[in-house]
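Undergrad: My questions concern the predicted model and sequence given below.
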Amino acid sequence: MRGGRRTEYEIYWEILSFCKSGRTFTQIVSRCDLNSKVAQEYIDFLSSKGYISRSSTGDRNLFLTTEKAGAFLKLFTSLYLELFENSPEFKL
């Protein structure tokens, strides 16, 4: 990503990119470098928009990016390229 602090949209993009394969809350917090309170707020927002879903397998809750999020991911990447001339980076 560009230098400096991440915007909300960059964090949304990171979470959605990371959750393309199911991830636990702890994995999201750790990988996206968020505290649990902030991570929960982002996940709740993304869930309310239908961009991320929660599934339970045994005693684990997994978060998974939905097909609906594809439009946001595509649009965000396109806008990011237009502004910064390089794609957003998130090493998975």
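TA: Now that the structure is in, tell me what you want to look at. Numbers count the residues shown, from 1 in each chain.
Undergrad: which parts of the helix of greatest length in the chain are buried?
TA: Longest helix in the chain by number of residues (criterion: DSSP state H): helix 69-84. By 16 or more other C-beta atoms under 10 Å, the buried positions in helix 69-84 come out as 69, 72-73, 76, 80. All C-beta atoms are positioned from the backbone trio N, CA, C, and that covers glycine.
Undergrad: Equivalent analysis for stretch 52-69, please.
TA: For stretch 52-69, by 16+ other C-beta under 10 Å, it's 52-53, 62-63, 65, 69.
Undergrad: now the helix or strand hosting residue 53 against helix 69-84, angle please.
TA: Assigned by DSSP states H and E, residue 53 belongs to strand 52-57. Calculated by axes from the mean of the first three to the mean of the last three C-alpha atoms, to 10 degrees, strand 52-57 forms an angle of 130 degrees with helix 69-84.
Undergrad: what is the rounded mean pLDDT of the strand or helix carrying residue 38?
TA: If you go by DSSP H and E, residue 38 is part of helix 36-48. The average pLDDT within helix 36-48 is 97.
Undergrad: Show me the contact partners of it.
TA: 8, 11-12, 15-16, 25, 28-29, 32, 34, 52-54, 63, 69 (C-beta atoms under 8 Å, 6 or more residues apart in numbering).
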